[in-house]
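Engineer: Have a look; sequence and predicted model below, questions after that.
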Amino acid sequence: MLEIYVDADACPVKEEIYKVAERHDVPILLVANQWMRFPRDLSIRFIKVEDGADRADDYIADQCHPHAIVITADILLAQRCIEKKAHVLAPTGKAFTESSIGNAVATRNLMADLREWGEVTGGPAPFSKQDRSRFLSSLHEAIVKLKRL
C-alpha cells in the first residue's frame with residue numbers, strides 16, 4: 001500500500017505534503033517525538049514516539065517499505081530507508097537514490113568533521129520558494145510513479 005512517512009519534527013513542507021497526498025488519496029504518517037498540530041483528516045495519522053535521539057528515525061526506518069515515500073532531510077535516515085527500497089525525498093525536492101546516497105553520506109560526514117574542527121561555521125542555505133516548488137513536483141512525480149507499479 002502506498003504511504004507517505006514524514007520525519008515531521010522539523011519538516012518545512014508539511015502543508016505541501018497534505019495537499020499533494022489529498023489530491024492523490026495517499027495516507028500520511030507524521031512521525032515525531034513531540035506533539036504537533038495537523039489537519040483532522042482520516043488519511044493523516046500522527047505517531048508520537050518516545051523522547052530520545054533517533055526514535056522517530058528508528059520508527060520510520062522500521063516501518064517503511066518499497067511502496068512508501070519517506071520525506072526527510074536526515075541523510076542517515078534516508079540511507080536506512082533506501083536500504084529497504086523506499087523512495088526518499090528531501091524537503092527541497094531532491095530525491096535520494098541508491099546511486100546518490102553514498103555521496104550524500106560522505107559529504108555529510110566530511111561537513112561534520114569540518115564543523116568539529118572549526119573550519120565550517122555556516123549551515124545549509126535558507127529554504128526557498130524554488131525548493132518548495134521543486135518539492136511539490138518531486139512528490140507528485142514519486143506518487144505517480146509508485147501508483148503505476
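Structural biologist: Great, that's in hand. Numbers count the residues shown, from 1 in each chain.
Engineer: quick one: the strands in this protein?
Structural biologist: Assigned by DSSP state E, the chain shows strands spanning 3-7, 28-32, 44-48, 68-71, 87-89, 95-96.
Engineer: Same list, these, but as a markdown table with mean pLDDT please.
Structural biologist: Below are those laid out as a markdown table (pLDDT from 0 to 100):
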| stretch | mean pLDDT |
| --- | --- |
| strand 3-7 | 98 |
| strand 28-32 | 97 |
| strand 44-48 | 96 |
| strand 68-71 | 98 |
| strand 87-89 | 97 |
| strand 95-96 | 94 |
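Engineer: which strands and helices sit next to the helix or strand bottoming out on mean pLDDT in the chain?
Structural biologist: When each helix and strand of the chain is scored by mean pLDDT, DSSP states H and E, helix 101-116 comes last, with a mean of 73. With contacts taken as 3 or more Cβ pairs under 8 Å, 6 or more residues apart in numbering; DSSP states H and E, helix 101-116 sits against helix 75-83. The way it works is simple: take the backbone N, C-alpha and C, and place the C-beta from them, glycine included.
Engineer: If you count contacts, what does the helix it packs on end up packed against?
Structural biologist: With contacts taken as 3+ Cβ pairs under 8 Å, 6+ apart, helix 75-83 sits against helix 55-63, strand 68-71, strand 87-89, strand 95-96, helix 101-116.
Engineer: Out of those, which is closest to residue 1?
Structural biologist: Nearest of these to residue 1, taken as Cβ to Cβ: strand 68-71 at 8.8 Å.
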